[in-house]
Structure formats: C-alpha cells, structure tokens
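Engineer: predicted model and sequence below, questions to follow.
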Amino acid sequence: MPALLADLTTLRLGGPVGRLVTVSSTDELVDAVRSCDAAGEPALIVGGGSNLVAADAGWPGAAILVRTSGIDAAEHDGAVSVRVQAGVEWDALVARTVAEGWSGLASMSGIPGLTGATPIQNVGAYGSEVADVINSVTVLDRTSGRVETWPPERCGFGFRTSAFKHTDRYVVLDVTFELRRSRDGVPVRYLEVARRLGIEPGGVAPSEQVRDVVLYLRRSKGMLLDAADHDTWSVGSFFVNPFVAPEVAPADSPQWSVDGKVKLSAAWLIENAGFAKGYGLDRGSGTVALSTKHTLALTNRGGATTAELLELAREIRDGVEAKFGVRLRPEAHLAGVEF
Ligand SMILES: Cc1cc2nc3c(=O)[nH]c(=O)nc-3n(C[C@H](O)[C@H](O)[C@H](O)COP(=O)(O)OP(=O)(O)OC[C@H]3O[C@@H](n4cnc5c(N)ncnc54)[C@H](O)[C@@H]3O)c2cc1C
C-alpha cells in the first residue's frame, strides 16, 4: 500500500506518494535529497504537514519525512544559543525553552509543525515571529549541492515569507535561535494577550503565563491541533493578510501602515464579503467549510477532497476580490495543485 499524503497532513487530504523516505539524521536528509536530485525524482519535503495542501492525485516522486531530533544549547553572558535540527516538533521546543527559563519563543506556543519549517514562512503569532530570534539557518542548496549556514540578513524575512518560501531550492537542516536567560518573556505586543495577562501592551510577564494564555486563545480559535475538533483540520490561516496601496484599503477595515503600504486583515475581508464562520457547512456534501471558530481557516469536516477545498478557497478569493478589489493569496504550500 503506498503512503497517502492524507495521513501526513493536518488537512488530512492528498493522494499516494511514489515512495516515502523517513530520515532521522541530518546526513540522511542531505543524502536522500541529493539522491532524488541526481536521479531526477521529484522530492517533497514533509515536516508536520500543517502548511501543505496536497493534490488528490498525490505526489509522483519521493516524500521525504523529516524526523531528525537534536537540540544543542550553549549559554554565554545571559544569552542562550539553541541549535535545533529540522525535525524537532516546534511546540515541544517552545515548551522546553519555557521550562528551562530561556526567553523568546513563548508567544509562538502551539503553532503546529516542525522547527525546520519555521524559517520558511517566518512563522509567527501574537506579535512575535521567528525572525526576531533566529541567529542562523543551515540549508542544503539543491542547485549547488552545498550545505551553507546563513545569517538572518541573508534569509529575506518578511511577513510570513523569506528567501526559502515559493521555492524548493533550499532544504532547512537546522535553525539556531538566540534566546535570553530570563523567566520573563519578550514584551507582549498583542492586545488580547496583554489584557488576559493583566498588563499593558508592551509589558512583560513570565513566559509560563504567556504560554498558558496563548494556548488558551489558540484553542478557542481552533488554532491548536485537536484530532477530535474538525475546526483544526486545516492549514491554519489559508490566506495571508494582504498588503495593498493605501488608496485600495477599504475605509472601514482594520489596517496597519507598513513601509508605505497598508496591511489588511484577510479574516475581516472574508467575513465582510459575506463568508461567516462555518460557511459551507449547510451546503452540498458539507465536507469542507470555514472553521466555526475562525474565518481564515478552511477545514475538512471529514471525507473531503482537495478539489472541494480548493473550490471553496476560489469562491472566497473571488468573493473578496469582487467586493473589495483585493486578491487574497494562499499562505500554505500547494503541492501538485494549481490555484
Ligand atoms: C491549526 C493550525 C494553526 C496554525 N497556526 C499558525 C500560526 O499561528 N502562525 C504561522 O505562522 N503558521 C501557522 N500554521 C501553519 C503551520 O503550522 C506552519 O507554517 C508550520 O511552520 C508548518 O510546519 P510543518 O512542519 O507542518 O511544515 P509542512 O506542512 O510539512 O511543510 C510546509 C512547507 O515547507 C516545506 N518544508 C517543511 N520542512 C522543510 C525543511 N526542513 N526544509 C525545506 N522545506 C521544508 C514543505 O515542503 C512545504 O512546502 C498553523 C497551521 C495549523 C494547522
């Protein structure tokens, strides 16, 4: 029986792979990718499958499942350098840093997936993003065949993007984070988190408390994986928040000025284009729908296909464009599918 991408992704969608290769050391990961490239076999790197929309037809080549596991920490002058292999589960790493009193990651508690994927779209939540604390990223460059260590300036980090996004040229082997030895977290910029912690935005609180509040909020929004909750059978936010010219921004929408552009809330645009939470549940087979807890998450209610999910995504993208003249783009990686 061929392995199914549906069993490797949080959407639980996607057909068979040509072959499944599980790697448990960095050398094995490099060798597996190099031998696919040498043989001309398409290679799909799979971490936790939480940002992957895979075709119903599957993947014709090798799916390389990253299961490396090392963490090395070195303390110096109140700072802690933590080098983490790509296969380490992100939230397990965050939990460990909070328990050790290494400050910097607590606001990003509960994001699914593995550490190696975090630089790719510069993952973030609640006012923090990994670019704030990344010291270097070790990559295999599939074009040159070389393993290189990149400083953050070279990584091209932006809002949910980097030099590693929209290309399969680089395989992330490990990531080094520069954290502080402190029981306190970084300043809490996100209003809802600050309010629950009883502090002003920009204030600090113990990392354990920040983690607890963030996990609570994520669960309430269906953004914490829970196999029993179909609202979490998703890739998190399907669409990325768009940046538009100031004159294009709808006057009544929430907006933030960034470098001469305006960042809009994709969730607000979707909701105000007529797609409420749970949209799709009452229609047709009802196998795909917006999450009942968050308008940005497109979810598999059980028995869905990728084609159905993309049909819903197109309906929403086109509805938003017709109402506001803003075209939403997907945040997740689409493997073998057109959108
Ligand atoms: C419920 C839910 C909530 C979420 N909330 C957030 C959030 O708050 N913030 C946020 O930023 N994201 C969020 N996400 C998206 C997702 O969790 C992140 O993007 C995560 O970093 C993906 O990690 P992964 O290991 O699952 O990647 P995968 O889905 O396995 O892979 C995603 C892409 O990265 C590539 N890739 C994976 N590992 C590597 C590697 N080592 N080297 C090269 N390429 C690689 C894959 O080929 C694919 O293109 C959420 C997802 C879900 C399901």
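Structural biologist: That came through, no problem. Numbers count the residues shown, from 1 in each chain.
Engineer: all contacts plus neighbour counts: C-alpha atoms, from now on.
Structural biologist: Noted.
Engineer: how does the chain divide up, domain by domain?
Structural biologist: 5-66, 71-220, 230-335 (automatic domain parsing).
Engineer: give me the distance from the second one to the chain's centre.
Structural biologist: Shown here is domain 71-220, whose average C-alpha point lies 12 Å from the average C-alpha point of the whole chain (Cα atoms, centre = their mean, to the nearest Å).
Engineer: mind starting the numbering at 12 from now?
Structural biologist: Understood, numbering begins at 12; the last thing we discussed is domain 82-231.
Engineer: picking up where we left off before, let me have the domains of the chain in CSV, extended by mean neighbour count, distance to the ligand and mean pLDDT.
Structural biologist: Below are the domains of the chain laid out as CSV (neighbours: other Cα atoms under 10 Å; distance: least, Cα to the nearest ligand atom, whole Å; pLDDT from 0 to 100):
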stretch, mean neighbour count, distance to the ligand, mean pLDDT
domain 16-77, 20, 3, 98
domain 82-231, 19, 3, 96
domain 241-346, 18, 4, 95
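Engineer: let me see the contact set for Gly25.
Structural biologist: Going by Cα atoms under 8 Å, 6 or more residues apart in numbering, Gly25 touches 15-17, 64-69, 316-317.
Engineer: mind checking how far it is from Val158?
Structural biologist: 31 Å (Cα to Cα, to the nearest Å).
Engineer: then Phe188?
Structural biologist: With Cα to Cα as the criterion, Phe188 and Val158 are 19 Å apart.
Engineer: what ranges do the helices span in the stretch 212-350 of the chain?
Structural biologist: 218-231, 277-283, 317-335 (DSSP state H, counting those that start in this stretch).
Engineer: would a markdown table of the ones you listed with distance to Lys176 be doable?
Structural biologist: Formatted as a markdown table, the helices of the stretch 212-350 of the chain follow (distance: least, Cα to Cα, whole Å):
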| stretch | distance to Lys176 |
| --- | --- |
| helix 218-231 | 25 |
| helix 277-283 | 20 |
| helix 317-335 | 20 |
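Engineer: okay, strands next: where are they in the stretch 62-211 of the chain?
Structural biologist: 63-65, 70-77, 82-87, 90-96, 113-114, 135-136, 139-140, 145-152, 158-161, 181-192 (DSSP state E, counting those that start in this stretch).
Engineer: let me know which of the helices of the stretch 212-350 of the chain is the nearest to Ala262.
Structural biologist: helix 317-335 (10.6 Å; Cα to Cα).
Engineer: partners of the closest residue to Ala54 other than its chain neighbours in the sheet?
Structural biologist: Closest residue in space to Ala54, ignoring its immediate chain neighbours: Ala73 at 4.9 Å, by Cα to Cα, 6 or more residues apart in numbering. Here Ala73 sits in beta bridges with Arg30, Ala54, as judged by DSSP bridges.
Engineer: so who does Ala73 touch?
Structural biologist: 28-32, 47, 52-55.
Engineer: which of those sit farthest apart?
Structural biologist: Val28 and Cys47 (13.9 Å).
Engineer: quick revisit: the strands of the stretch 62-211 of the chain: which one's closest to Phe250?
Structural biologist: Of the strands of the stretch 62-211 of the chain, nearest to Phe250 by Cα to Cα is strand 63-65, at 12.3 Å.
Engineer: residues in contact with that closest one?
Structural biologist: With Cα under 8 Å, 6+ apart as the criterion, strand 63-65 contacts 16-17, 20, 22, 24-26, 246, 317, 343-348.
Engineer: okay, now the sheet partners of that strand, with direction.
Structural biologist: strand 344-346 (parallel).
Engineer: now the residue lying closest to Leu24 once chain neighbours are set aside, what's its secondary structure?
Structural biologist: Spatial nearest neighbour of Leu24, excluding adjacent residues (Cα to Cα, 6+ apart): Ala17 at 4.0 Å. Three-state call for Ala17 (DSSP: H, G, I helix; E, B strand; the rest coil): helix.
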